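[1] Below is the structure, and that's it, no one-letter string:
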């Protein structure tokens, strides 16, 4: 049902009209988008812009503050729109970023971009590519409101013989400071419903992938309580995968906002705030040591560092030998991170 | 002169007697140390234990607090002594760590441990090794007192034909939040004097190596104002290199404590504290993204994570698009980090 409605929206809406609700004009010139309105790159750019706007508006409504919008361009090709709200009433740091970049990749770099490491043949070793996505990390102030992260992306690459390779990737995952079983169930159930509309194996497979991906190996714990994560998705066909990604993108508000609203007025102690800060430190460790997107970004010439690192919290803390006392809520949270479980 | 005195100390002192001043009994059993008292591994273990004790005592005296001493062992062989003072009067987080580890390395791992990437032949691909060192990072509370880091280490590896390869590495570097030309000159001058006793090229070469090593590429800035850094040092001979490392180790107190004492009672504003926190964030970025020791540690099975990550500050901050206003003290600091200079 939801898929049908959004399909109608997408097909019937006038591009110029739809752009009016965005946080900024898109990266690609509207005229170009209109000219190639049926191309997947156009449909995906419209989807990520819409996702950014919907999520930012929902967060602004609950916070009362507003996002700072930075439109930037990349001299090697393309650019992005970074929306950041810092030190708001509810959110310590909220970042929602869209990027649409293109240029040439070396064969080695192209190989690294696919998790399956497929070999791609370029013309004189160069491969024209286009990569776009929306990504977001929201760090609230109240330790009873979890951090959320999502990212949905599309990649196109052209081989020497003119063959176009493409794939989608993405996911949404939750990082609570204290575990709330009801929140965890709501979050996973919302994602499962979106997945189930497309394939019964998507939720179980991508839930497991998420737990494996967001694993902080040196700590022996996951970053949070997971969600879904997938990469390199290129079957059964482009239309089907796009529809799946669209369903996922449309869940970011219903996954997260009910949780924010539920805990908006929860009181908290200085000790709870400290535990949040320690968990933020772990978040930084994952992002700087393991995250493929961050590593790729930091190593890519011309990438916009501030947009890549806007996923880092405003504040974090590292206490030597921090270990919660047995039987506390902090120990309960850690137990969950050490032993990922099924939430629904 | 200083070299002569410390040589006498080292040669004349009774091992058991010298151990009494340490923060803990050494990692290696005292009887074993006595049995092989002329071996470089014994002399170096005594030196790193002495350096740890001297530095910890000096910091305790200025802070009034005391170090928590953790003696730990590694099931694969060896162990360490971690001394940490957290949330003291002067120091936000001060860590001084000794580790003495041994076991077998794969040929690939052994290659990675040498910055020159020398190929080493092991017996059935395995190479018995022994690695030891003292390392420290001190993060003070007052933004006018800089962060200091030092590390002195020794490495021994045995090839299949019984050949022993050995080398030393180390360095001391300073990371101020605000630049103080007098402090910078004192710090570099103290290091240069220690270097000059051994080779006129040591200071200029190792100063440059330090600036290159502590470079945060994605920010286009160095971590701090440098000092010295060297690795893979195995000439002209073991005795000479050990004496040089000893001279360096003996400078850690005279390099840093006069700077701490000078700024002990400097007043500071909340804005200055914020800038310190932003700089701490950059410190975390360097340590988690680039530092070879941290990367090696996090990837090594059985390594003690808390001792590796004790170099991270107690608190750090990431502000989106933080850029100091032109003409401020913060802008002046950044200018120095973007353009490393000669301090003496």
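    Sure thing, it's come through. All of these numbers come straight from a predicted model, not from anything done at the bench.

[2] Tell me, how many residues neighbour residue A:138?
    When neighbours are counted by other C-beta atoms under 10 Å in any protein chain shown, residue A:138 registers 25. In short, each C-beta sits where N, CA and C put it, glycine included.

[3] Contact residues of the stretch 151-300 of chain A facing chain B?
    A:217-219, A:277, A:281, A:284-285, A:288-289, A:298 (C-beta under 8 Å from any C-beta of the partner chain).

[4] From residue A:329, how far out is residue A:178?
    Going from residue A:178 to residue A:329 by C-beta to C-beta, to the nearest Å gives 5 Å.

[5] which one of the two has more residues nearby?
    residue A:178 (20 against 13).

[6] gap between that one and residue A:296?
    Taking C-beta to C-beta, one finds residue A:178 at 32 Å from residue A:296.

[7] following the helix or strand that residue A:50 is a member of, which helix or strand shows up next?
    In the assignment (DSSP states H and E), residue A:50 maps to helix A:40-63. Tracing the chain past helix A:40-63, the next element assigned as helix or strand by DSSP H and E is strand A:68-73.

[8] That following strand pairs with which strands, and in what direction?
    Note on strand A:68-73: by DSSP bridges, its sheet partners are strand A:78-86 (antiparallel).

[9] Now find how far off-centre the partner strand is within its chain.
    Strand A:78-86 sits 14 Å away from the centroid of its parent chain (C-alpha atoms, centre = their mean, to the nearest Å).

[10] returning to what we had before: what does the average pLDDT come to for the helix holding residue A:50?
    In this model, helix A:40-63 carries a mean pLDDT of 98.

[11] Does chain B have contacts with it?
    No. If you take C-beta under 8 Å from any C-beta as the test, helix A:40-63 misses chain B, and the best it gets is 14.4 Å.

[12] That helix to strand A:68-73, inter-axis angle?
    160 degrees (axes from the mean of the first three to the mean of the last three C-alpha atoms, to 10 degrees).

[13] so residue A:330 is in which element?
    Judged by DSSP H and E, residue A:330 forms part of helix A:329-338.

[14] what's near enough to touch the residue in the stretch 101-250 of chain A that chain B sits nearest to?
    Proximity of the stretch 101-250 of chain A to chain B (C-beta to the nearest C-beta) peaks at residue A:218, 4.5 Å away. Counting by C-beta atoms under 8 Å, 6 or more residues apart in numbering or on different chains, residue A:218 touches A:285, A:289, B:298, B:305.

[15] do the same with residue A:171
    Neighbouring residues of residue A:171 by C-beta under 8 Å, 6+ apart: A:150-152, A:206, A:209-210, A:213, A:227-230, A:248.

[16] That one in helix, strand or coil?
    Going by DSSP: H, G, I helix; E, B strand; the rest coil, the secondary structure assigned to residue A:171 is strand.

[17] do residue A:174 as well
    Per three-state DSSP, residue A:174 ends up strand.

[18] Give me the pLDDT for the residue of the stretch 151-300 of chain A found nearest chain B.
    When scored by C-beta to the nearest C-beta, the stretch 151-300 of chain A has residue A:288 as its residue closest to chain B, at 3.9 Å. On pLDDT, residue A:288 comes in at 97.

[19] cool, and the one 10 residues further on?
    Turning to residue A:298, the model gives it a pLDDT of 87.

[20] so who does it touch?
    So residue A:298 contacts A:305, A:308, B:217-218, B:289 (C-beta under 8 Å, 6+ apart).

[21] Inside helices: which ones of the residues you listed?
    A:305, A:308, B:289 (DSSP state H).

[22] shouldn't the second one be in contact with residue A:294?
    Read it as residue A:308. Yes. Counting by C-beta atoms under 8 Å, residue A:308 touches residue A:294, with 5.9 Å between them.

[23] between the two, who's got more neighbours?
    Set residue A:308 next to residue A:294 and count neighbours by other C-beta under 10 Å: residue A:308 wins out with 23 against 19.

[24] And the helix holding residue A:50, how far out from the chain middle?
    12 Å.

[25] Can you list the low-confidence ranges for chain A?
    A:1-12, A:112-118 (pLDDT under 70).

[26] run the last query once more with 80
    A:1-13, A:106-121, A:125, A:300-302 (pLDDT under 80).

[27] for it, what spans make up the helices?
    Under DSSP H, chain A gives helices at A:2-12, A:15-19, A:30-35, A:40-63, A:107-113, A:181-196, A:202-213, A:238-249, A:252-263, A:270-289, A:292-299, A:305-308, A:329-338.

[28] Now the longest one: buried residues?
    What that stands for is helix A:40-63. Neighbour counts over helix A:40-63 (16 or more other C-beta atoms under 10 Å in any protein chain shown) mark A:40-56, A:58-60, A:62-63 as buried.

[29] Tell me the residues on the stretch 1-150 of chain A that lie near chain B, please.
    Residues of the stretch 1-150 of chain A lying near chain B (C-beta under 8 Å from any C-beta): A:68, A:70, A:84, A:86, A:93, A:95.
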